[in-house]
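Asker: fold the following for me, if possible:
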Amino acid sequence: MAKVLVFAPHSAVWVHTFPEALVAEALLQQGHEVLYITCGQALKDQCIVMHGAELSVRSPEAQRAAVCARCTSLAALVRREFGFRGWDLSQSVQESDQLEAQRITRETTRETCLQLEIDGIPAGRLALYELLLKYKKGNLDFTDEQWQEYRALLKNTLLVLFAMRRIMMAERPDRLLVYNGLYSVNRTACMVAQGLGIPQFFLHAGGNLAHRLQTLMLGRDHTYAYFKRLIEGWPRFRGRPCSRALLRRITDHLLVLISGRSYFVYSARAAGAGVNLRARFGVAEGQRLLVATMSSYDERFSGETVGALAPEASTLFERQVDWIQALVEWVRERPDLFLLVRVHPREFPSRRRGGVRSEHSILLAQALADLPGNARVNWPDDHVSLYDLANVTDVFLNAWSTAGKEMSALGIPVVVYSPGLLFYPADLNFVGTTREDFFTAISRALEAGWSFERARATFRWLAVEYGYGLLDISDSYPDQEGARGPVLSRAVNRLRRRIDPYYAEARDCRRRARALRAAHQVDQIVARELTTPLDTDADNPEASTSFEEETLALREQLGRLAQALCPSREARRYSRLYDQLSTTSRQG
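Answerer: Just a heads-up that it's a prediction; the model follows:
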């Protein structure tokens, strides 16, 4: 049996903390030893919890102290309810660590931060992760305010490096477990473990937004590596029919995207009304509509900067601006086509990223200022949903956005030029990696049109991403994220929280299952050092579904999507997709 060190410094993020505790408890029940390390205000200058509370190093001390107090209380609650052995990181941070971290932070400059390494660990790079995402950075030019935040993150990174190395050398754990292996302090702990020959594992909520908290990724390294391994396993599942229950769960996710009701959805909600979008954007009668869905750079840039993503060796277009400009010049000579360039909403202020606009969006505005009559830009302030566009678009063109798999799930053809950048299988789309092949692929996609089999293949991939590749923890965490109960129930819960601020969290602990249903998979992954749940020998009730049963169930789900996209007769008036989805759903 293994000794597993769980590094859990962000206790106040309960949707991370509770699932992590469930997995740690499962390991205990399977006979492993668990050592649970929390923060204890060691990282109080700036951390994920502070960021979630929209606080920074410049926020009032009283507000910051309140966040730390909540985090400390929830850490104590978990220890008490689950019986974990362990201590706070602050108890392992020595005065010499503080002094050394302060010295290094003081001496690090904007010019030298990327070169800062401690015992082979690129601490200067790792500390950049959250900052680059927060400010949607595509470069390392920092304002004074951003640099002040970076220094706080760097100090924390160094403290974790020093303290966790001391803890691991003293305790000699066999495994390390963190929630989200990309957060700067978590990745630092992982790299310390790696240097000592200790395998590292990460947890993360599943990607199905309708059932996000009921599922977990559990595997090696971090989410970027995880998706690449799922794609590697795709050939094993490409030919496997999906059950009705699994197809329904996938559709639940797509319905959340269409509704726009999740915090994690960037697109506006589908209007579901009779709006003639083709006329609104100037698409002439008889023109075929191409929509180019762009991707935001900051997530990829941050991943590459911290070393979690390898830069793509070469792509057909070096920059997305080059891709769009090539498309514009191509359609300039094709009056039978109309190009709509959809700029990624993440590039602009949003409910997830506050009032920050990306630097890339400014470059785009300049590059897209002069367009031919058969090309337009769909800016976020147009308030047009991607799923409203799905109703009227002939072919989607994609950089590396998840829109590529979502449109393919609706049966719409998608063309990509950068298959190596995708986090889903490229064979779900048309691919062109040379200029000639790319534009030929667009013509092939236009000729192919809508396809039921394309939707089937994409649903099968989503079954890997949202089904086979995840752990099911719904037996201990049944709450649906964002769900609103009856008014009376909400009022009672508000009163309970006034009496006990930690009532909801304590309730979660009390009502968890005696033994997690996925405990055997947890044990297999950690004990055998597996990379994803795809590698476990868990029973798969989905495997007995026939092709015919899948066909009938998929038609039913496409019917659900048709109703969500076009709930009224007026909405259906302008939709091309509705007839394809609904007619298919009525067959058989």
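Asker: which strand or helix spans V415?
Answerer: Assessed by DSSP states H and E, V415 sits inside strand 414-416.
Asker: need the longest helix for this structure.
Answerer: The longest helix of the chain (DSSP state H) is helix 144-171.
Asker: what's the first helix or strand after that helix?
Answerer: strand 175-179.
Asker: other SSEs contacting that next one?
Answerer: In terms of contact count using 3 or more C-beta pairs under 8 Å, 6 or more residues apart in numbering; DSSP states H and E, strand 175-179 is assigned the packing partners strand 3-7, helix 14-29, helix 184-195, strand 200-205. The way it works is simple: take the backbone N, C-alpha and C, and place the C-beta from them, glycine included.
Asker: that strand: partners in the sheet, and parallel or antiparallel?
Answerer: strand 3-7 (parallel), strand 200-205 (parallel) (DSSP bridges).
Asker: CSV for those strands, including distance to A455, mean pLDDT and mean neighbour count?
Answerer: Output for these, formatted as CSV (distance: least, C-beta to C-beta, whole Å; pLDDT from 0 to 100; neighbours: other C-beta atoms under 10 Å):
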stretch, distance to A455, mean pLDDT, mean neighbour count
strand 3-7, 41, 98, 23
strand 200-205, 26, 97, 23
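Asker: can you get me a residue count around E447?
Answerer: Using other C-beta atoms under 10 Å, the number of residues around E447 comes to 9.
Asker: tell me which element it is part of?
Answerer: E447 belongs to helix 435-448, assigned by DSSP H and E.
Asker: following element in sequence after that helix, please.
Answerer: Helices and strands here follow DSSP H and E; after helix 435-448, the next one along the chain is helix 452-463.
Asker: what residues does whichever helix or strand comes after that following helix touch?
Answerer: Downstream of helix 452-463, the first helix or strand assigned by DSSP H and E is strand 471-472. With contact meaning C-beta atoms under 8 Å, 6 or more residues apart in numbering, strand 471-472 is reached by V23, Q214, T215, L216, M217, L218, R517, A518, Q521, V522, P533.
Asker: related to what we said a few turns ago, wait, which of the strands paired with strand 175-179 is closest to V291?
Answerer: strand 200-205 (29.5 Å; C-beta to C-beta).
Asker: tell me the spacing between E117 and L128.
Answerer: 14 Å (C-beta to C-beta, to the nearest Å).
Asker: re the thing from before, which parts of the strand holding V415 are buried?
Answerer: Burial within strand 414-416, assessed by neighbour count using 16 or more other C-beta atoms under 10 Å, is assigned to V414, V415, V416.
Asker: before we move on, back to that, what are the buried residues along the helix holding E447?
Answerer: By 16+ other C-beta under 10 Å, the buried positions in helix 435-448 come out as F438, F439, A441, I442, A445, L446.
Asker: from the contact counts, what lies against that helix?
Answerer: Against helix 435-448 (3+ C-beta pairs under 8 Å, 6+ apart) you get strand 395-398, strand 414-416, strand 430-431.
Asker: ok, now with 10 Å
Answerer: With contacts taken as 3 or more C-beta pairs under 10 Å, 6 or more residues apart in numbering; DSSP states H and E, helix 435-448 sits against strand 288-293, helix 320-332, strand 337-342, strand 395-398, strand 414-416, strand 430-431.
Asker: residues contacting the fifth one, please?
Answerer: Translated: strand 414-416. By C-beta atoms under 10 Å, 6 or more residues apart in numbering, the residues outside strand 414-416 that reach it are 290-293, 316, 393, 395-401, 403-408, 422, 426, 428-433, 438-446, 454, 458.
Asker: just the buried subset of these, please.
Answerer: Buried members of the contacts of strand 414-416, counted by 16+ other C-beta under 10 Å: 290-293, 316, 393, 395-401, 403-408, 422, 426, 428-433, 438-439, 441-442, 445-446, 454, 458.
Asker: ok but D381 is inside a helix, no?
Answerer: Yes: counting by DSSP: H, G, I helix; E, B strand; the rest coil, D381 falls inside a helix.
Asker: compare E117 and L128 (neighbour count), which wins?
Answerer: L128 (24 against 11).
Asker: helix or strand: which one has the spatially most central residue of the chain?
Answerer: Residue closest to the mean C-alpha point of the chain, counted by C-alpha atoms, centre = their mean, is G207 at 6.4 Å. Of the helices and strands defined by DSSP H and E, none includes G207.
Asker: give me phi/psi at it?
Answerer: Taking degrees, to the nearest 10, you get phi -90, psi -10 for the backbone angles of G207.
Asker: wait, it sits on E465?
Answerer: Yes: at 6.2 Å, G207 counts as touching E465 under the criterion of C-beta atoms under 10 Å.
Asker: got a list of what D394 touches?
Answerer: Applying C-beta under 10 Å, 6+ apart, we find D394 in contact with 287-291, 337-338, 412-413, 442, 445-446, 449-450, 576.
Asker: between those residues, which is closest to V4?
Answerer: I412 (44.7 Å).
Asker: next up, the contacts around that closest one.
Answerer: By C-beta under 10 Å, 6+ apart, I412 lies in contact with 291, 389-391, 393-396, 406, 445, 449-451, 454-455, 458, 576-577, 580.
Asker: heading C-terminal from the worst-scoring helix or strand of the chain on mean pLDDT, find the next helix or strand.
Answerer: When each helix and strand of the chain is scored by mean pLDDT, DSSP states H and E, helix 359-367 comes last, with a mean of 68. Next along the chain after helix 359-367, taking DSSP H and E as the criterion, comes strand 375-378.
Asker: what residues does that following strand touch?
Answerer: Outside strand 375-378, the residues that touch it by C-beta under 10 Å, 6+ apart are 277, 280-283, 290-294, 324, 327-332, 337-343, 345, 364-365, 368-369, 371, 382, 384, 386, 389.
Asker: mind redoing it with 8 Å?
Answerer: With C-beta under 8 Å, 6+ apart as the test, strand 375-378 has contacts from 281-282, 291, 328, 331-332, 338-343, 368, 371, 384, 389.
Asker: and these, which is the shakiest by pLDDT?
Answerer: When the contacts of strand 375-378 are compared by pLDDT, L368 scores lowest at 80.
Asker: quick one: that residue from Q325, how far?
Answerer: According to C-beta to C-beta, L368 stands 9 Å off from Q325.
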